[in-house]
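1. Pasting the sequence and the predicted coordinates here, then a few questions.
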Amino acid sequence: MKDLKEIIGQFPEVGEVQETRALTSGWINQTYLVKTADPTAYDYVLQRVNHQIFTDVELLQHNIEVVTNHIRHKLEEAHTEDLDRKVLRFLPAKDGKTYYFDGESYWRVSVFIPRSQTLEAVTPESSYLVGLKFGEFQAMLADVPQQLGETIPDFHNMEFRMKQLREAVAANASGRLAEVQDIVDAIEADAEEMCCAEQLYREGKLPKRICHCDTKVSNMLFDDKGEVLCVIDLDTTMPSFVFSDFGDFLRSAANTGKEDEQDLNNVRFNMDVFRPFAKGYIQSARSFLTPKEIELLPYAATLFPYMQAVRFLADYINGDTYYRTTYEGQNLVRTKAQYKLYKEAKAAVPEMKAYIESLL
């Protein structure tokens, strides 16, 4: 790996570097804190982009620049105080691009947001704040004039995930199909209903929005009073259905069990997380949501555990080639846990619908 000071030197705004140290958070990109010698200047965050996952770094950084510039403009119009802590800012390299390619790796530098923290715990209070902030994030980007691309093509495309499962079933590369045929059949029975978003999109009844596509508590920065500063980790920000931000959060946050829970009695859908999250989300996103999008929010809560069950099952049938496993059969355990969560969420749909109607 190239010398980090040499890399940082490609971003002239940084100035003299005092120290560079690795930050442990984040598992996709390698991240470093860059402390500058000038006590009155900013510190910075240096990242090596994982271009195995994000194969088009030019597109990735274009999306991020469009999003952060648009949000910054909106905050400036609203005369927002402490603006540099409310939106990320990426520095230009010597060639004017917001990334630098050293011949092997892609690097980028953003301004470090001081006096900030991330939270990991999902509580009713933090769920409300996540809903409020990600709804606001979508609302701010509802009128983005530039075209954005998909940084991970078909990331939340249910039809594509079913295609992958069917290809795995047809190949049966690991010889495991017979033992999971009942789960494959159960998933296939609901496939048409669960692929309704793509069908509605083709019919012109459902729009795509700019979404974060990785909604979790840890992807927001908070100040020392517990107030939300800004949304971070923008690599997956791209066109998608609003369900991506609504359903993906609930898949993990409203699950009372672990992702690979072996005792399925522990897997339930937690309405005490759903209610505050939905309340916050609708409060800030209602300004742009269509009636069809609002009507299908409970569907979003069922879609993501279903989609994840499909992905784990396809990987199990393929012989565990995608998800890292730590014990034999883990992908099958994950499949069953996610499918149970899907059934629990589905049973809660009438309650979800009634609650959402009460908010309107």
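-> That came through fine.

2. which residue packs closest to residue 275, ignoring adjacent ones?
-> With C-beta to C-beta, 6 or more residues apart in numbering as the criterion, residue 275 has its nearest non-adjacent residue at 5.8 Å, and that residue is residue 355. All C-beta atoms are positioned from the backbone trio N, CA, C, and that covers glycine.

3. Tell me the buried residues in whichever strand or helix holds that neighbour?
-> Using DSSP states H and E, residue 355 sits in helix 349-359. Neighbour-count burial for helix 349-359 flags 352, 355, 356 (criterion: 16 or more other C-beta atoms under 10 Å).

4. ok, the last one touching residue 279?
-> Read it as residue 356. No - with contact defined as C-beta atoms under 8 Å, residue 356 does not reach residue 279; the gap is 9.2 Å.

5. to the chain's geometric centre, what's the distance from the helix holding residue 355?
-> Computed by C-alpha atoms, centre = their mean, to the nearest Å, the chain-centroid distance of helix 349-359 equals 24 Å.

6. quick one: contacts of that helix?
-> 271, 274-275, 278-279, 282-283, 294, 297-299, 301-302 (C-beta atoms under 8 Å, 6 or more residues apart in numbering).

7. Next: stretch 294-306.
-> Outside stretch 294-306, the residues that touch it by C-beta under 8 Å, 6+ apart are 158, 187, 190, 194, 196-197, 206, 241-243, 246-248, 250-251, 254-255, 269, 274, 278, 281-282, 286, 338-339, 341-342, 345-346, 348-349, 352-353, 356, 360.

8. Swap in 7 Å and give it another go.
-> Here stretch 294-306 makes contact (C-beta atoms under 7 Å, 6 or more residues apart in numbering) with 158, 194, 243, 246-248, 250-251, 274, 278, 338, 341-342, 345-346, 349, 352-353, 356.

9. Please tell me how far stretch 170-179 is from the chain's geometric centre.
-> For stretch 170-179, the distance to the chain centre is 31 Å (C-alpha atoms, centre = their mean).

10. actually stretch 335-352, not the one I typed
-> Its chain's C-alpha centre and that of stretch 335-352 lie 20 Å apart, by C-alpha atoms, centre = their mean.

11. Ok, stretch 4-23 next?
-> Taking mean C-alpha positions (C-alpha atoms, centre = their mean), stretch 4-23 and its chain are 28 Å apart.

12. How about the contacts made by the residue sitting nearest the centre point of the chain?
-> Centroid-nearest residue in the chain, with C-alpha atoms, centre = their mean: residue 214, separated by 0.7 Å. When contacts are counted by C-beta under 7 Å, 6+ apart, residue 214 touches 233, 236, 248.

13. and if you look at residue 240?
-> Applying C-beta under 7 Å, 6+ apart, we find residue 240 in contact with 156, 208, 209, 211, 213.

14. Can you give me the distance of residue 326 to residue 259?
-> Residue 326 sits 12 Å away from residue 259, going by C-beta to C-beta, to the nearest Å.

15. Between these two, which is the more surrounded one?
-> In terms of neighbours (other C-beta atoms under 10 Å), residue 259 is the more surrounded of residue 326 and residue 259; the figures are 17 against 6.

16. The more buried one reaches residue 335, doesn't it?
-> No - the pair residue 259 / residue 335 is not scored as a contact, 10.6 Å apart, by C-beta atoms under 7 Å.

17. list the buried ones in stretch 217-229?
-> Judged by neighbour count (16+ other C-beta under 10 Å), stretch 217-229 contains these buried residues: 217, 218, 219, 220, 221, 222, 228, 229.

18. swap that for stretch 96-109, sorry
-> Applying a neighbour-count criterion of 16+ other C-beta under 10 Å, one finds 97, 98, 99, 100, 101, 105, 106, 107, 108, 109 buried in stretch 96-109.

19. hang on, the earlier thing: now list the buried members of the contacts of helix 349-359.
-> Among the contacts of helix 349-359, those that count as buried by neighbour count (16+ other C-beta under 10 Å) are 274, 275, 278, 279, 282, 294, 297, 298, 299, 301, 302.
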